[in-house]
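[1] Prediction below, plus the sequence it came from.
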Amino acid sequence: MRVLLVEDDADLSRQLKAALGDAGYAVDHAPDGEEAHYLGENEPYDVVVLDLGLPKIDGVSVLERWRRDGKTTPVLILTARGAWSDKVAGFDAGADDYLTKPFHTEELLARLRALLRRSAGIASATLACGGLRLDPRAARASVNGEPLRLTSLEYRLLHYMMMHQGRVISRTELVEHLYDQDFNRDSNTIEVFIGRVRKKVGSDRIETVRGLGYRLTPLAGESEAA
């Protein structure tokens, strides 16, 4: 899953980028509202962490522009302690959740997981597709109870496909959601990662839809949330 982190504090940005990366996210960072607006308009993020006190363009204005332009990406805003008026302004601008500084990184990660579940219409904290299970909290996956050994990119790929199981996902969409902005993107590498993940989860779970992309489904005889 791909996240846009909008924060002008350099130390906090470094800490959050590291924590988000360790949790399996591809992370792009914008240090001001101007760059945040540009990235949010031109890149397909799964979720945004948006500080409100930004240089150049404030966070509320950035969010208002995104929503006015039809951007529906879930947004978690960061506000200063006691700034209740900022929370109200953020929600009125289209925010989905908020955190007050200072905060624990684990709470941020938990709130992001909840936002992603809600945006995908998923109620359970653990993702399931037949005997395939993925726990975003622990960044672990298993098949019929047997743990899978996955690289970070394999995990991102499986996580995204499980969030959108049953739907055909193009190679372009996978590239856009698995890699951060600075990564040397090559859609041909997706085939390599699909092949690796197939070997680990069972080749019949990931269907190639010729000319369109890939679809994750349960095996024959399995229920979607078995």
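    Now that the structure is in, tell me what you want to look at. Residues are numbered from 1 along each chain as shown.

[2] who touches the longest helix along the chain?
    Counting by DSSP state H, the longest helix found in the chain is helix 105-120. Helix 105-120 is contacted from outside by 1, 3, 15-16, 19-20, 23, 46-47, 49, 74, 76, 96-97, 99, 123-125, 136-137, 163-164, using C-beta atoms under 8 Å, 6 or more residues apart in numbering. To be clear about C-beta, it is placed using only N, CA and C from the backbone, and glycine gets the same treatment.

[3] And stretch 54-65, by the same measure?
    Taking C-beta under 8 Å, 6+ apart as the rule, stretch 54-65 contacts 6, 8, 31-34, 36-37, 40, 50-53, 75, 77, 86, 89-90, 93-95.

[4] cutoff 10 Å now
    6-8, 30-38, 40-41, 48, 50-53, 71, 75, 77-79, 86, 89-95 (C-beta atoms under 10 Å, 6 or more residues apart in numbering).

[5] mind checking the end-to-end distance for that stretch?
    This stretch, stretch 54-65, spans 15 Å end to end (C-alpha to C-alpha, to the nearest Å).

[6] got the domain boundaries for the chain?
    By the assignment in the TED database, the chain contains the domains 2-120, 127-216.

[7] Compare these and say which comes out lowest on pLDDT.
    With a mean of 91, domain 127-216 has the lowest mean pLDDT of the domains of the chain.

[8] Give me the distance between residue 44 and residue 1.
    From residue 44 over to residue 1 the distance is 11 Å, taken as C-beta to C-beta, to the nearest Å.

[9] So which of the contacts of helix 105-120 sit within helices?
    Using DSSP H, the members of the contacts of helix 105-120 that fall in helices are 15-16, 19-20, 163.

[10] This protein: strands as residue ranges?
    Using DSSP state E, the strands of the chain run over residues 2-6, 26-30, 47-51, 75-79, 97-100, 127-129, 132-135, 140-143, 146-147, 206-209, 213-216.

[11] Including distance to residue 156 and mean neighbour count, could those go into CSV?
    Converted to CSV, the strands of the chain look like this (distance: least, C-beta to C-beta, whole Å; neighbours: other C-beta atoms under 10 Å):
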stretch, distance to residue 156, mean neighbour count
strand 2-6, 9, 24
strand 26-30, 7, 22
strand 47-51, 14, 25
strand 75-79, 20, 24
strand 97-100, 22, 17
strand 127-129, 13, 21
strand 132-135, 11, 20
strand 140-143, 11, 17
strand 146-147, 17, 10
strand 206-209, 15, 14
strand 213-216, 14, 20
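
[12] export these to TSV and tack on distance to residue 175?
    Conversion of those to TSV gives the following (distance: least, C-beta to C-beta, whole Å):
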stretch	distance to residue 175
strand 2-6	10
strand 26-30	10
strand 47-51	18
strand 75-79	23
strand 97-100	28
strand 127-129	21
strand 132-135	20
strand 140-143	21
strand 146-147	27
strand 206-209	16
strand 213-216	11
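
[13] Identify whichever of these lies nearest to residue 176.
    strand 2-6 (7.3 Å; C-beta to C-beta).

[14] Please identify the pairing partners of the closest one and their relative orientation?
    strand 26-30 (parallel), strand 47-51 (parallel) (DSSP bridges).
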